[in-house]
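A.B. asks: Mind folding the following:
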Amino acid sequence: MEIAPKSPDERETSPQCKELLSSTTGSTLCSSSRSESVWTSASRSKWDIYHKPVIVVSVGAAVFLFGTVITSLSCIQIKNRKVYKMCGPAFLSLGLMLLVCGLVWIPIIRKKQKQRQKSPFLQSLKSFFFNR
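C.D. replies: This is a model prediction of the structure:
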């Protein structure tokens, strides 16, 4: 005879299922936390650290250059001049905004890296003085 498949409610109440759920929840919390570098002490390469601001700076520079070309087309070409005059400054400002945000992001990351390097020493000092 065939055994009828268990309903989803019956599977959830089994002790094995509860144990599996609790063990996966703990690993999910650690792996999905925003400060994953705190849990793992492996050193990261420069590209891993700076790839996001470099991409933002590159995209910002490209959009800024595109806006420059569109704006200069409004000075040269007579056909569709209103469209170029509206779109050119929009691309210029968007590109400049991305460029500046990326350039400001880099020193912020450097400052955070320096703080993380000092952090283990400060933590050991705190634990020395406050755990007495």
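A.B. asks: per-residue confidence at residue 43?
C.D. replies: pLDDT, the model's per-residue confidence, is 76 for residue 43.
A.B. asks: Can you name the helix or strand that it falls in?
C.D. replies: If you go by DSSP states H and E, residue 43 is not part of any helix or strand.
A.B. asks: Could you count how many residues lie near it?
C.D. replies: 8 (other C-beta atoms under 10 Å). Every C-beta, even on glycine, is put in place using the N, C-alpha and C of the backbone.
A.B. asks: go on, the one 3 residues further on?
C.D. replies: Residues lying near residue 46 (other C-beta under 10 Å) number 8.
A.B. asks: What distance do you get for it to residue 101?
C.D. replies: 20 Å (C-beta to C-beta, to the nearest Å).
A.B. asks: Same check on residue 76?
C.D. replies: 31 Å.
A.B. asks: max-length helix in the protein?
C.D. replies: Ranked by residue count and defined by DSSP state H, the top helix of the chain is helix 81-130.
A.B. asks: Could you name the helices and strands sitting against it?
C.D. replies: helix 46-76 (3 or more C-beta pairs under 8 Å, 6 or more residues apart in numbering; DSSP states H and E).
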